[in-house]
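Trainee: Provide a 3D model corresponding to the input given below.
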Amino acid sequence: MGKKKKRRSDFEAETENNTAENETELINGDSRSKKKKNKTHKDKYQATDIPTLTIAVPGSIIHNAQSLELATRLAGQIARAATIFRIDEVVVFDCKSTSGDDSTVATPDASDENETGAAFLIRILRYLETPQYLRKTLFPKHNSLKFVGMLPPLDAPHHLRKHEWGPYREGVTLKERAPSSVGMLVDVGLNKNVVIDQVLEPGIRVTVAMGTNRNLDADFVHQVVSSSKPREEVGTYWGYKVRYASNISSVFKECPFKGGYDHLIGTSEHGLIVKSSELDIPSFRHLLIAFGGLAGLEESVEEDHSLKGKNVREIFDSYLNTCPNQGSRTIRTEEAILISLQYFQEPINRALQRFEYQGQGSS
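Mentor: From the prediction side, this is the model:
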């Protein structure tokens, strides 16, 4: 993986339609934005009152893997960690000196050999987040997916089995129109396709409200909802979204949440050592935790021209060493993610409790 050639910064992994117009909409998209084919990954996520957790990871860590198989396993570890700790957004960033135009997506016929570490990581993360019954439709064959079958499944709540019924299911729109309805058919991974209340482009991933009565009759119309609805309504974690940033400053500037990230945490062996039990994270709406690559976040800041002259500690609200007294001289990024997310669990929970208390007080 380390010898792959660089290519232009078009890092949105392709999905099912083989068109650059709507590929970024197909993964974790909100159906209400699907009718506009010129949407890009810079669009704001569906507004939510629920606090969100974001991790930022350098794509360069893929180049440190000695083979495609090992690179795939590394990406799988990050996907598992993001799911275990209920991460809402994963940002994969490069260390480019300036922010480039990354609004376009990777073309479906892009050469496998030219895929960068960031593009590879994005592809694997998105593939694993997608329910198994949708992958064949949403992801064309690609060399980067050669070893994904060896990875342990995320087993996330939205990865429902064929025999399971839930109030919501992920699905993909089909070309076939509903025979006795103004809507269209959606494959939600059950024995029968369901009818939805909208007419959308075929091959688009949507979240469908299934209800509780297990009704799959052709004359029963289901509603398409925002992908954030399951968490808002029933508190169910519904996977993570993935986006690309050309450098560390773009991670912050291109935040898709309204108001941006209101608390930034950087992790480094050079950071401040604070016990998890004593760490105070303020109430937040959108929290970002950033991880560095081989040379740490310091190098990412130094190579970013828009942050020229700034110290890494000026960029983040907190700059922490989450694994002091380490026995190894190096902690790999995928290891640091697991260690750090566990370290932040209690401080984050305390902050969320304060957020809920403040919300109750203002209501």
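Trainee: quick one: the helices in the stretch 251-363 of the chain?
Mentor: 296-302, 312-315, 333-362 (DSSP state H, counting those that start in this stretch).
Trainee: nearest to Ile265, out of these?
Mentor: helix 333-362 (7.6 Å; CB to CB). Heads up, the C-betas are built off the backbone N, CA and C, glycines and all.
Trainee: now for that closest one, which elements pack on it?
Mentor: On a contact count with 3 or more CB pairs under 8 Å, 6 or more residues apart in numbering; DSSP states H and E, helix 333-362 meets strand 52-58, helix 68-84, strand 263-272, strand 286-290.
Trainee: mean neighbour count for the ones you listed - can I get that in TSV?
Mentor: Below are the helices and strands packed on helix 333-362 laid out as TSV (neighbours: other CB atoms under 10 Å):
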stretch	mean neighbour count
strand 52-58	25
helix 68-84	21
strand 263-272	20
strand 286-290	25
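Trainee: closest one to Ile122 among those?
Mentor: helix 68-84 (9.1 Å).
Trainee: now the closest one against helix 333-362, angle please.
Mentor: Going by axes from the mean of the first three to the mean of the last three CA atoms, to 10 degrees, helix 68-84 is angled at 20 degrees with respect to helix 333-362.
Trainee: check which element follows helix 68-84 along the chain.
Mentor: strand 89-93 (DSSP states H and E).
Trainee: tabulate the CA atom coordinates of that following strand in CSV.
Mentor: This file holds the C-alpha atoms of strand 89-93, laid out as CSV (Å, rounded to 0.1, in the frame of the first residue of the first chain):
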residue,chain,number,x,y,z
GLU,A,89,-19.1,10.8,11.7
VAL,A,90,-15.6,9.7,10.5
VAL,A,91,-13.5,12.3,8.7
VAL,A,92,-10.6,10.9,6.7
PHE,A,93,-8.1,13.7,6.1
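Trainee: quick one: residues in contact with it.
Mentor: Strand 89-93 has contacts (CB atoms under 8 Å, 6 or more residues apart in numbering) with 11, 45, 52-59, 78, 82, 118, 121-122, 125, 240-248, 250-251, 256, 288, 300.
Trainee: could you give the angle of that strand to strand 52-58?
Mentor: Using the same axes, to 10 degrees: strand 89-93 against strand 52-58 is 20 degrees.
Trainee: what ranges do the helices span in the stretch 1-150 of the chain?
Mentor: Using DSSP H, counting those that start in this stretch, helices in the stretch 1-150 of the chain cover 23-26, 68-84, 117-129, 132-138.
Trainee: distance of the residue nearest to Glu129 when sequence neighbours are not counted relative to Ser249?
Mentor: Setting aside the residues directly before and after it, Glu129 is nearest to Gly239 in space (CB to CB, 6 or more residues apart in numbering), at 4.8 Å. For Gly239, the distance to Ser249 equals 27 Å [CB to CB, to the nearest Å].
Trainee: which of those two has more neighbours?
Mentor: Shown here are Gly239 and Ser249; by other CB atoms under 10 Å, Gly239 has more neighbours (27 against 20).
Trainee: tell me if I'm right that Phe85 and Gln345 touch.
Mentor: Yes. Using CB atoms under 8 Å, Phe85 is in contact with Gln345, at 7.3 Å.
Trainee: of those two, who's got more company?
Mentor: Shown here are Phe85 and Gln345; by other CB under 10 Å, Phe85 has more neighbours (19 against 12).
Trainee: next, the more buried one: phi, psi?
Mentor: Phi and psi for Phe85, reported as degrees, to the nearest 10, are phi -100, psi 20.
Trainee: any idea of the pLDDT on it?
Mentor: pLDDT recorded at Phe85 is 98.
Trainee: contacts only, for it.
Mentor: Contacts of Phe85 were listed using CB under 8 Å, 6+ apart, and they are Leu53, Leu341, Gln342, Gln345.
Trainee: residues contacting the third one?
Mentor: Right, the one you point to is Gln342. By CB under 8 Å, 6+ apart, the contact list for Gln342 reads Phe85.
Trainee: how much space separates it from Glu335?
Mentor: Gln342 is 11 Å from Glu335, by CB to CB.
Trainee: also the last one?
Mentor: Distance, Gln345 to Glu335, using CB to CB: 16 Å.
Trainee: likewise for the first one?
Mentor: Using CB to CB, Leu53 is found at 19 Å from Glu335.
Trainee: same question for His222.
Mentor: In terms of CB to CB, His222 sits 42 Å off from Glu335.
Trainee: between the two, which has more neighbouring residues?
Mentor: Ranked by neighbour count (other CB under 10 Å), His222 and Glu335 place His222 first, with 22 against 15.
Trainee: using the three-state scheme, assign that one.
Mentor: With DSSP: H, G, I helix; E, B strand; the rest coil as the basis, His222 sits in strand.
Trainee: pretty sure Ala81 contacts Ile337?
Mentor: Yes. Counting by CB under 8 Å, Ala81 does reach Ile337; the two are 4.8 Å apart.
Trainee: flag every buried residue along stretch 317-330.
Mentor: By neighbour count on 16 or more other CB atoms under 10 Å, the buried set for stretch 317-330 is Asp317, Ser318, Tyr319, Leu320, Asn321, Thr322, Cys323.
Trainee: for the third one, list the residues it contacts.
Mentor: Contact criterion CB under 8 Å, 6+ apart gives Ile265, Gly266, Thr267, Ser268, His270, Gly271, Leu272, Val312, Arg313 as the residues in contact with Tyr319.
Trainee: how does it look with 6 Å?
Mentor: With contact taken as CB atoms under 6 Å, 6 or more residues apart in numbering, Tyr319 is in contact with Gly266, Gly271, Arg313.
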